[in-house]
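Engineer: Below are the sequence and a predicted model for it; my questions follow.
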Amino acid sequence: MARVLRPGGRLVIGELGRWSLWAARDRIRGWLGSRLWRRSAFHSAADLRRAAEGAGLLV
């Protein structure tokens, strides 16, 4: 993301929350065999902040 943003550009990320009921439902789907949800990663807001800062973005 940092590579393709224009100087001064903004990135907006919406997140449901790693421990939300929707995330829990999809995590269970992965445990029950759904290929899509088995390979999915669920991140917290803090995880996303660290990733953006690690890419050199101002949060």
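Structural biologist: That came in fine, so what should we check first?
Engineer: all contacts plus neighbour counts: C-alpha atoms, from now on.
Structural biologist: Noted.
Engineer: can you map out the helices along the chain?
Structural biologist: Ranges of helices within the chain are 21-31, 35-38, 45-54, based on DSSP state H.
Engineer: Please point out which parts of the shortest one sit buried.
Structural biologist: By 16 or more other C-alpha atoms under 10 Å, the buried positions in helix 35-38 come out as Trp37.
Engineer: what do you get for stretch 31-48?
Structural biologist: Within stretch 31-48, the residues scored as buried using 16+ other C-alpha under 10 Å are 37, 42.
Engineer: Just the C-alphas of it, formatted as PDB.
Structural biologist: Extracted C-alpha coordinates of stretch 31-48, given in PDB (Å, rounded to 0.1, in the frame of the first residue of the first chain):
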ATOM      1  CA  TRP A  31     -12.200 -25.300  11.100                       C
ATOM      2  CA  LEU A  32     -15.100 -27.100   9.400                       C
ATOM      3  CA  GLY A  33     -13.300 -27.300   6.100                       C
ATOM      4  CA  SER A  34     -14.000 -24.100   4.100                       C
ATOM      5  CA  ARG A  35     -10.900 -23.500   2.100                       C
ATOM      6  CA  LEU A  36     -11.500 -19.800   1.900                       C
ATOM      7  CA  TRP A  37     -11.700 -19.300   5.600                       C
ATOM      8  CA  ARG A  38      -9.100 -21.800   6.500                       C
ATOM      9  CA  ARG A  39      -6.500 -19.700   4.800                       C
ATOM     10  CA  SER A  40      -7.800 -16.400   6.000                       C
ATOM     11  CA  ALA A  41      -6.000 -14.300   8.600                       C
ATOM     12  CA  PHE A  42      -7.800 -12.300  11.200                       C
ATOM     13  CA  HIS A  43      -6.000  -9.200  12.500                       C
ATOM     14  CA  SER A  44      -6.700  -6.800  15.300                       C
ATOM     15  CA  ALA A  45      -6.700  -3.000  14.900                       C
ATOM     16  CA  ALA A  46      -3.300  -2.900  16.700                       C
ATOM     17  CA  ASP A  47      -1.900  -5.500  14.200                       C
ATOM     18  CA  LEU A  48      -3.100  -3.300  11.300                       C
END
